[in-house]
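1. Model the following, please.
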Amino acid sequence: MNVERAVDPYDWGALLRLLQNSFAYMDGRIDPPTSLHKMDEVKLAEISKNSEIWVIHKGREPIATVNLVPKSGFLYLGKLAISPDYQGKGLARVLVNHACMRAALLGLSQVQLEVRIELNENHRVFAGLGFRKIAEGSHPGFEKITEITMAKDVNGENT
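-> From the prediction side, this is the model:
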């Protein structure tokens, strides 16, 4: 599967639909709700100018995506989404491996991500992809833990 970077001109509407469909199962399960409810095509295109949005297509349709943002000492992996029709086919592994390759090319030793505390199935998926929990955190305005941070060393070892 080819992983291609989404840059203008791009069908941001198709990518937004992929994200919304992939994250729909979280509605009513996570608090606060996903930031995708505030996202539109213009915002998605703007995000692509300050980060790397990578996409796997089937034909012209995006079926998997991830957003990568270089930070100090690590590459942040966000909004990993797989079309419900293509889940369980190894696409998350393809995107995580791509993120590790990008981190290495950028001279970064680790990939990190945040997972909502309520989504235990995602904790297991990311653990199976080599990530380990390194921290817990809360969204602004919340006293309870709302997310965990997970990390994967680019060289394959965990912290």
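2. just checking, what packs against the longest strand anywhere in the chain?
-> Longest strand in the chain by number of residues (criterion: DSSP state E): strand 61-70. With contacts taken as 3 or more C-beta pairs under 8 Å, 6 or more residues apart in numbering; DSSP states H and E, strand 61-70 sits against helix 12-23, strand 52-58, strand 75-82, helix 91-105. (Glycine included, C-beta is placed from N, CA and C.)
3. List the pairing partners of that strand within its sheet, with orientation.
-> Strand 61-70 has the following sheet partners, assigned by DSSP bridges: strand 52-58 (antiparallel), strand 75-82 (antiparallel).
4. Provide the partner residues of the closest residue to Leu18 other than its chain neighbours in its beta bridges.
-> Spatial nearest neighbour of Leu18, chain neighbours left out: Pro62 (4.8 Å); criterion: C-beta to C-beta, 6 or more residues apart in numbering. Counting by DSSP bridges, Pro62 forms beta bridges with His57.
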